[in-house]
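**Student:** What follows is a predicted structure for the sequence shown.
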Amino acid sequence: MSFSDLFDSEFKQRNKGHFSAIVRVALADGTVAPEEKNFLDKLATKLEISASEYEEILENPAIYPINPPYLYTQRLERLYDLVRMVRVDHQLGDKQELVLKKIAVGLGFTPSNVNYIVAKALSLVDKNVDFDTFAYEMQNMYK
């Protein structure tokens, strides 16, 4: 296996882990709403998830572990995607918020401030901010 194949393989695994985390959030209330399905379809394309992988992850999203990114900005990007999934159907159920907090910890955010991070992220997404604004606000929330 060449170095580039190894990199591609690890990249695909991270994307599958990220996509499966978002599917877990979507399924937390027991169903995938049409708006959530649309979001998942677009995200699958962006993350280069094949149709067979998509179906496999929908059937059992727990088969791929959450792979926390090393870089903080990459964690924020994944959090941004997750929070947008929660907000796509404009209904934050208790299970979705709980799953979102668990996944945020899995992404590398500290348990001691995950409630604040998730609340801040949700408020920013409610304002329809783009990712650059989201990242800026999240990185400067303690200043």
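**Tutor:** Okay, I see it.

**Student:** Over to Ala33: give its phi and psi.
**Tutor:** When read as degrees, to the nearest 10, the backbone of Ala33 gives phi -70, psi 160.

**Student:** count of neighbours near it?
**Tutor:** Number of residues near Ala33 (other Cβ atoms under 10 Å) recorded here: 14. (Glycine included, C-beta is placed from N, CA and C.)

**Student:** Just give the number of residues close to Pro68.
**Tutor:** Pro68 has 15 nearby residues by other Cβ under 10 Å.

**Student:** Contact partners for it?
**Tutor:** Arg75, Gly106, Leu107, Gly108 (Cβ atoms under 8 Å, 6 or more residues apart in numbering).

**Student:** Just the buried subset of those residues, please.
**Tutor:** The neighbour count (16 or more other Cβ atoms under 10 Å) marks Arg75, Leu107, Gly108 as buried among those.

**Student:** Distance to Ser20 for the contacts of Pro68 - can I get that in CSV?
**Tutor:** Shown next, in CSV, are the contacts of Pro68 (distance: Cβ to Cβ, whole Å):
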residue, distance to Ser20
Arg75, 16
Gly106, 11
Leu107, 13
Gly108, 17
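
**Student:** Closest to Gln96 out of the buried ones among the contacts of Pro68?
**Tutor:** Of all the buried ones among the contacts of Pro68, Leu107 has the smallest distance to Gln96: 15.9 Å, by Cβ to Cβ.
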